[in-house]
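[1] Fold the following for me, if possible:
(chains A and B)
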Number of protein chains: 2
Amino acid sequence: MNPVSRTRGFVGSLIHCIPNPQDGSPTLEILQQAVIVLNPEGTHIDILIKQYAPVTLEGLWEHPELDLTILGPGEFMIPGFVDTHNHAAQWAMRGLGQNLHILDWLEQITFPQEAKFSDPVYAERVYSLCVDGFLRQGITTASYYGSVHGEATKILANLCLAKGQRVFVGKCNMTRNSPDSYRDASVEESLRVTRECIDHIRSIDPKGELVKHILTPRFAISCTAETLDGLGKIAKENPDLPIQTHFNEAEQEIHATKELFPEFGGSEADLYEHFGLLGPRTILAHCCHMTEYEMKRIKELECGVAHCPVSNMTVGGGFMAAPVREFMRRGIKVGLGTDSGGGFSSSILDAMRQAMIASHAREKLSEGKDKGLSIAEVFYLATLGGAEVCGLGEKIGNFEMGKEFDALVIGTVNNPGIMTPVQDDDDLRTAFDKWVMTGDDRNIKKVFVRGRLVKSEGTLGAARVEFPN
Amino acid sequence: MNPVSRTRGFVGSLIHCIPNPQDGSPTLEILQQAVIVLNPEGTHIDILIKQYAPVTLEGLWEHPELDLTILGPGEFMIPGFVDTHNHAAQWAMRGLGQNLHILDWLEQITFPQEAKFSDPVYAERVYSLCVDGFLRQGITTASYYGSVHGEATKILANLCLAKGQRVFVGKCNMTRNSPDSYRDASVEESLRVTRECIDHIRSIDPKGELVKHILTPRFAISCTAETLDGLGKIAKENPDLPIQTHFNEAEQEIHATKELFPEFGGSEADLYEHFGLLGPRTILAHCCHMTEYEMKRIKELECGVAHCPVSNMTVGGGFMAAPVREFMRRGIKVGLGTDSGGGFSSSILDAMRQAMIASHAREKLSEGKDKGLSIAEVFYLATLGGAEVCGLGEKIGNFEMGKEFDALVIGTVNNPGIMTPVQDDDDLRTAFDKWVMTGDDRNIKKVFVRGRLVKSEGTLGAARVEFPN
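    Modelled structure (predicted):
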C-alpha cells in the first residue's frame, strides 16, 4: 500500500537574497522563524511565512495532511546553487594543465579528454559521476557544455533528467581548429546533430521543466561563419532555447578571434551579434577583458555573464577575471560558473571565495573604485544572480512564493568530518559566513530540485516536528 | 601479552621533493616502486630503496621481524605538510571579517576571539579541535601562535605532545595597542610568562623532539621597545629556540609600524634586527611588501619566509602576496602558512592552490619576469621548503635516509566521498596533480608523525603485503 501523499512543509531558518525594495540591489534576507509549504504536487512554494508566531504553528499543526520537517540545531536552508558555466565533458580532467595558455591547454589537455566521449559507455560512466558530483555539492541548476558528440550529449540529458538536476545541456559546435578526430565532420553535420539533440531533449522533457538544450557554439575560433550563421538561424526558429559561448576570456583567445574575423575589428560583441547569437537568453562565459563599447552592447542586448574566477586565475594565460563590480553597477546580469574543467574545483563555494579574491584584485587595479565583493554579494551571484543569467529568475534563485522549490539544507554543527568552526554562541549570520568561507559538500545535508529530494544524508538533519503542548 | 614489536616497512609509490643535484633547486621525485624501512624505534627512516627489484622484495620477505605495509591501488605516500604560520587561537573564527583592513580586523574580530582563551576550559576544548583538525589535514608540523595567556599556551603544548603533532608553540607577546582585557599586564609580566612557558615545554618534552616554545612578539605594533628588547635577550640566552613575528604584511600595518618606530625609517628588517630577533631561526610571516634592501637583509640574516596567500588575498586590506619567485631566485627560504584565522582555510592544499594563483598575479605585475609557480613548486613549499623555514630541513621535509618519518598516505580512488577525478588509466603524476588541485582531507588516509600513526581511516589503505610466489 502506498502511503497517502501529504503536502510538505519546512520550519526553520532560511537565508536567501531578495532585491532591495528601494533600488533593486541584492540584499541578504535572514529569516530565523520561517515556514515554507509546498503546493500539493510538491514542486512549488505555495506558502511562505517569514516569521511565525506560536499561533501560526498551531494552525499548521491542525492540518494532518501536512508533512512538516523542522530543521535541527545549526541547520538552515538556502536556495540551490546555480552553475552558469560548466563543461561536463571535462569532469575527469580537473586540475590538469595549470599554467598553460588557453589555446595550448585546449590542444594538449582538453580536446584529447573530450574526444573520449565518442564512446557512449565512457560517456554514461563519467557523466553519471559528474551529475552525482555536482548534485552532491548543491548545484541544483547547471548550464553544461557537452562534448561535440550527439550521442553523448543525449546521454548527459537523460542522466540529468533521471537524477533530477535542472540543466541546460549543449552539444558543442566545433567545425575548425581542433584535431580531425575531435570536431564536427562538416557544418551541415554540426547543425544536423544539434537539431537531433534539440529534438531528443524535447522528447524526454516536453515542457522543458528540468532539461533544455542550449545552443553551444564553443567559441568563434572553433566555428566558421557558416556554423555561427546556421546556429543563429536555429536560435531564431527556437526562441525558447538558451545560447552559450565563451566571450573575451583571455588575450590569446581574443587575438586569435580577431585574426579569424577581422571584419569585426576585435569586437566579439559585434561578431556574435552579427550571427544572431546575442540576446536575453545568451550566457557569455568569462568576459574578462571588456571595452566600454562591449559592456554597453551586452547591457543593451540583455546578455548574462558567467563569472568564472577559478579558471580565470589558473589556466588561460594571465591573471584576470571579469569586472563584476562594474557589471553590477551597470545592471548587467552576472552569475557564477565553476567552469569545471578549466576551473580545478567542482564547488560553487570555491567559486564564491575566488570571486571575492578576484574582486580584491579588481579593487586594487581600479585604485579603490571597484570595491571588493562581500559574502552576501557572492552568495547572490551563486543563487539569484545565476538564475537571472539563465533566464530563470522568475522560477528559481530564492524562496519567493510561487517559485519552484530548489533548496539545500545546510548543517553546521554536530557533524563529524566538517571543518566549519561554528560555536554554540554564534548567531545565524556568523554561522552562515563561516560556512560560506570554510564549508564544503559535507555540510550540505539535503538537496531538493523542483521539490524532489536528490541528496540526503540520512541520519542527520530534518526530523518530524514535535510541538510543545 | 603484548605483541612482539616488529620493525615497520612500507612498499609502494613515494612522491617528494629533493634538491636538484646540479643547482639545488627543488625537484619532484616520483618513485613508483619504493621501499622504506624504519629504525627499530620506529621513528626514523633507516632504509630507502628507490626502485625495488623482485629480489629486493624477496630479501625483505625473509625477515619475519619486519611488519610490511603495501600501499593499495591509487595510493601514494608524501611527506607530511609543514604549516609555517598558524594562529591556533583563531581556529574558531575562520571565515569572519573578510574584507576588513588588518588593524580593524584585529580589533573587531580577532582580539575578542583570542581573549576567550583566558578560560582554560575553553582553551582545552577549542585547541583540542584545532590540533585534531590540522592533523586530519596532514599538517604534521605547525608553527603556532597561541594567545597572550600562559596557561592556555601550556595547554596547547600539552595537547600537541599528547596527540603527536610536531610543533612550535608561542605565547604571544603583546604589551600595547590592544584592549586592556587582552594584553600582557606589563613588560615584566610578558617576559615572565614567556619564560614560564619555555620552562613548561622543556619539562614535558626535554629534548624538544616534538614540541618547542617559539618566541612570538606578535608584531612591533603590539610590542614596546622594552618588550622587543627583553625578547631579544631571551633569544640570545636560548639559542635553541625559534622566533616568529609578522613582517611587512599590509600597507596599514607598515604605516603604523613606521609611526611607532620612526628611528628605523620604515625598515622592519632594521627594527627587528636591532632587537636581536632576526637570524636563521626566525620565521617571518607574510613579507608581502619588500624593498630591495629588506630582501637583501633577510637573505643575509638567513631568515625564513612564511608565505600565506589565502589571508593575503582576503583580509588585510589590499591584494598582495609575497614575491615568492623572487625569494626563490635569491635563495631566501620560503614555506607555506595557512595563517589559519586570517586565512579562511585550514588546509595546506588550499594554501598551495592560492600560492599558484598569487604567483600568477605576480607574473602579471612583473610583466612576465616572475613566472607563476608550478604544482611541483607549491608542493615543495608545503613540505621541504616549510621544513627549511622552520630550521628542520635536516630532520623532515622529504624521505631522505636518516630523517624522521613524517608521512601521509594519500588515496585517490575507491573512496566514496572524494572529489578527485582519478581515472584507471591515469599515471601516478597525473593522479598527483589532480589530487593537489582537487583533493581534500578525505584523501588523506593515514598520517604519521615521527613514526607514530596519528590519523587512520581504518578500512581503506594499507594492507599486509602478499608476495606472489
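
[2] quick one: low-confidence parts of chain A?
    The model of chain A has pLDDT under 70 over residues A:1-4, A:316-318, A:414-418, A:458-469.

[3] change it to 80
    Confidence mapping of chain A against pLDDT under 80 gives the ranges A:1-5, A:24, A:60-64, A:99, A:315-320, A:414-419, A:424, A:457-469.

[4] from the stretch 301-450 of chain A, which residue is nearest to chain B?
    Scanning the stretch 301-450 of chain A for the residue nearest chain B gives residue A:437, at 3.0 Å (criterion: Cβ to the nearest Cβ). (Glycine included, C-beta is placed from N, CA and C.)

[5] can you tell me the helix or strand for that residue?
    Taking DSSP states H and E as the criterion, residue A:437 maps to helix A:428-438.

[6] Packing partners of that helix?
    strand A:7-19, strand A:26-38, strand A:75-79, helix A:348-365, helix A:375-380 (3 or more Cβ pairs under 8 Å, 6 or more residues apart in numbering or on different chains; DSSP states H and E).

[7] Looking at the ones you listed, spot the one closest to residue B:334.
    Taking Cβ to Cβ as the criterion, helix A:348-365 is the member of the helices and strands packed on helix A:428-438 that comes nearest to residue B:334, at 20.6 Å.

[8] Just list what that closest one packs against, helices and strands only.
    Contacts defined by 3+ Cβ pairs under 8 Å, 6+ apart place helix A:348-365 against strand A:81-87, helix A:309-312, helix A:324-330, strand A:333-336, helix A:375-380, helix A:428-438, helix B:348-365.

[9] can you tell me how far the residue nearest to residue A:41 when sequence neighbours are not counted sits from residue A:39?
    For residue A:41, ignoring the flanking residues on the chain, the nearest one in space by Cβ to Cβ, 6 or more residues apart in numbering or on different chains is residue A:451 at 7.5 Å. Computed with Cβ to Cβ, to the nearest Å, the distance linking residue A:451 and residue A:39 is 8 Å.

[10] Check residue A:92 too.
    When distance is defined by Cβ to Cβ, residue A:92 is 39 Å away from residue A:39.

[11] contacting residues for the residue nearest the centre of chain A?
    Geometric centre of chain A, nearest residue: residue A:83, 1.5 Å, by Cα atoms, centre = their mean. For residue A:83, the contacting residues are A:134, A:139, A:141, A:142, A:143, A:336, A:337, A:338, A:340, A:348, A:351, A:386, taking Cβ atoms under 8 Å, 6 or more residues apart in numbering or on different chains as the criterion.

[12] and what of residue A:138?
    A:80, A:81, A:348, A:408, A:441, A:444, A:447.

[13] Show the contacting residues for residue A:175.
    If a contact means Cβ under 8 Å, 6+ apart, then residue A:175 has A:183, A:184, A:186, A:187, A:190, A:222, A:223, A:224, A:226, A:227 as its contacts.

[14] What is the neighbour count of the fifth one?
    Counted by other Cβ atoms under 10 Å in any protein chain shown, the residues lying close to residue A:190 total 26.

[15] how much space between residue A:215 and residue B:264?
    Per Cβ to Cβ, residue A:215 is found 63 Å from residue B:264.

[16] More neighbours: those two, which one.
    When neighbours are counted by other Cβ under 10 Å, residue A:215 comes out ahead of the other of residue A:215 and residue B:264, with 24 against 17.

[17] OK, contacts around the residue nearest to the more buried one when sequence neighbours are not counted?
    Leaving aside its sequence neighbours, residue A:215 sits nearest to residue A:243 (Cβ to Cβ, 6+ apart; 4.5 Å). For residue A:243, the contacting residues are A:214, A:215, A:216, A:231, A:235, A:277, A:278, A:279, A:281, A:282, A:283, taking Cβ under 8 Å, 6+ apart as the criterion.

[18] Then residue A:388?
    Under the criterion of Cβ under 8 Å, 6+ apart, the contact list for residue A:388 reads A:304, A:333, A:335, A:397.

[19] For residue A:88, state which of the residues you listed is nearest.
    Checking these against residue A:88 with Cβ to Cβ, the nearest one is residue A:335 at 17.5 Å.

[20] Across the sheet, point out what pairs with that closest one.
    Following DSSP bridges, residue A:335 is listed with bridge partners residue A:306.

[21] Count the residues that sit near it.
    31.

[22] residues contacting it?
    Each residue near residue A:335 by Cβ under 8 Å, 6+ apart is listed here: A:82, A:84, A:304-307, A:381-382, A:385-390.

[23] what's the answer for residue A:184, then?
    Shown in contact with residue A:184 (Cβ under 8 Å, 6+ apart): A:148, A:173, A:174, A:175, A:190, A:193, A:227.

[24] and the residue in the stretch 101-250 of chain A that chain B sits nearest to, what does it touch?
    Taking Cβ to the nearest Cβ as the measure, the point where the stretch 101-250 of chain A comes nearest chain B is residue A:133, at 6.3 Å. Contact partners of residue A:133, counting by Cβ under 8 Å, 6+ apart, are A:91, A:346, B:419.
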